[in-house]
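Peer 1: Just the structure for this:
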Amino acid sequence: MAVTLQLGASRLTYLCKRAGINQAELARRMGLSRQFITKVKLREKNFTLAQGIQAAMILGCEPKDLHELIWAQSADE
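Peer 2: Presented below is the predicted three-dimensional model:
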């Protein structure tokens, strides 16, 4: 059995609320558009590694906390 790790739902809404900022403010601090943040939240786009680290620093969390993580098992072929 092979085990893979996949990104699940975004936690940006929760993390922004916890940090006391809205997504537009997160975008401003990161130098990104609000639309880009919305697309990350909807899983239409992904942060680069550097952007993920920057977002985590702003939101007071670890980069791994930005999304739910899904461990999936599949049968080896």
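
Peer 1: Can you pull out the residues in contact with stretch 20-28?
Peer 2: Contacting residues not belonging to stretch 20-28 are listed as 12-13, 16, 29, 33-34, 36-38, 41, 55, 58-59 [CB atoms under 8 Å, 6 or more residues apart in numbering]. (C-beta placed from N, C-alpha, C; glycine too.)

Peer 1: buried sites along that stretch?
Peer 2: Neighbour-count burial for stretch 20-28, counted by 16 or more other CB atoms under 10 Å, picks out 21, 23, 26-27.

Peer 1: just those residues now: which is nearest D65?
Peer 2: L26 (14.0 Å; CB to CB).

Peer 1: can you list the contacts of stretch 20-28 in a markdown table and add secondary structure and pLDDT?
Peer 2: Shown next, in a markdown table, are the contacts of stretch 20-28 (DSSP: H, G, I helix; E, B strand; the rest coil; pLDDT from 0 to 100):
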| residue | secondary structure | pLDDT |
| --- | --- | --- |
| L12 | helix | 94 |
| T13 | helix | 93 |
| C16 | helix | 96 |
| R29 | helix | 98 |
| S33 | coil | 97 |
| R34 | helix | 96 |
| F36 | helix | 97 |
| I37 | helix | 96 |
| T38 | helix | 95 |
| K41 | helix | 92 |
| A55 | helix | 97 |
| I58 | helix | 97 |
| L59 | helix | 97 |
